[in-house]
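[1] I'll drop the sequence and a predicted model, then ask my questions.
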Amino acid sequence: MSNILAEAIKVRDALVAKGIETPMINLTKSKDQRRDEIEQKMRDVLTLIGLDLTDDSIEETPHRLAKMFVDEIFSGLDYANFPKITNIENRMKVSEMVLVNDVTLTSTCEHHFVTIDGTVSVAYYPKKWVIGLSKINRVIAFFAQRPQVQERLTEQVLLAFQTILETEDVAVYVKATHFCVKCRGIKDSNSYTVTSAFGGVFLEDRETRKEFLSLINK
Ligand SMILES: Nc1nc2c(ncn2[C@@H]2O[C@H](COP(=O)(O)OP(=O)(O)OP(=O)(O)O)[C@@H](O)[C@H]2O)c(=O)[nH]1
Ligand SMILES: [Zn+2]
């Protein structure tokens, strides 16, 4: 736990207090241990599917899956991976909306463990702080690298930025295609899902919300 940044702990506590934290347990095993155990269990799963793991193309797949789960697509379950964010004091007194539009979103649906593919737009009115623009992408990527449902992801991103920026005035808009809808089940390759979450002035003032939505052209 010691390598978790104070900012990350603040964000986690805020999500827990609001009841929007991802259902997760405390990780006690080392990454090596977790990779090893996942690899063994994935070996069993792939064999039960009917694959021959002596084939040289797939013999390393259980190992690849273990690495992918721990180090890549589910790395956002570990707050040690929360991005380092340098808050810059708003000395230039920016008072207009800061908008980062169409940030790439690649996440994983928690119901079927297949891809969620979309974009996220985030806007805020700076109060005390501004942050580096790339940090907006990095925070979104952190929460995307978890098993997710789109509604909770949207709320988590909103509260994370409200906590980091110390302002309620944040808006989040997510548009995504769910491969659990596209490649299996109902097999609808056309539909997409839109979710949004608004705080402060974006919630209270219809004109501000309209301005945000028109700026992102939705
Ligand atoms: N609200 C919400 N639902 C989601 C999201 N991702 C997937 N789902 C839905 O979660 C549901 C899971 O439903 P279940 O009935 O338990 O699973 P299933 O029988 O495999 O469902 P089908 O997809 O209808 O075959 C499905 O309707 C998915 O489309 C999401 O981000 N938000
Ligand atoms: Zn799904």
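    Thanks, I have the structure now. Ligands and ions are numbered 1, 2, ... in the order given.
[2] List the strands paired with the helix or strand of the chain with the lowest mean pLDDT, with their directions.
    When the helices and strands of the chain are scored by mean pLDDT, DSSP states H and E, strand 87-89 comes last with a mean of 91. Strand 87-89 sits in its sheet next to strand 129-131 (antiparallel), going by DSSP bridges.
[3] What residues sit buried inside the next helix or strand after the strand it pairs with?
    Tracing the chain past strand 129-131, the next element assigned as helix or strand by DSSP states H and E is helix 133-144. For helix 133-144, a neighbour-count test (16 or more other C-beta atoms under 10 Å) marks 135-137, 139-144 as buried. C-beta coordinates here come from the backbone N, C-alpha and C atoms, glycine included.
[4] Tabulate those residues in a markdown table, adding columns for pLDDT.
    Listed next are these as a markdown table, based on pLDDT from 0 to 100:
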| residue | pLDDT |
| --- | --- |
| K135 | 95 |
| I136 | 97 |
| N137 | 97 |
| V139 | 98 |
| I140 | 98 |
| A141 | 98 |
| F142 | 98 |
| F143 | 98 |
| A144 | 98 |
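[5] Closest one to Q156 out of those residues, please.
    Nearest to Q156 among those is F143, at 4.8 Å by C-beta to C-beta.
[6] Below-threshold pLDDT in this structure: ranges please.
    Within the chain, the segments meeting pLDDT under 70 span 1-2, 218.
[7] which one in this structure is furthest away from the centre?
    Distance to the chain centre peaks in the chain at T54, reaching 35.9 Å (criterion: C-alpha atoms, centre = their mean).
[8] Max pairwise distance over the buried residues of helix 133-144: which two?
    In terms of C-beta to C-beta, these reach their longest pairwise distance at K135 and A144, which sit 14.5 Å apart.
[9] closest point of this protein to ligand 2, which residue?
    The chain approaches ligand 2 most closely through C180 (2.6 Å), counting by C-beta to the ion.
[10] Please determine how far the residue nearest to that residue when sequence neighbours are not counted is located from T61.
    Excluding its sequence neighbours, the residue lying closest to C180 (C-beta to C-beta, 6 or more residues apart in numbering) is H112, at 4.1 Å. For H112, the distance to T61 (C-beta to C-beta, to the nearest Å) stands at 19 Å.
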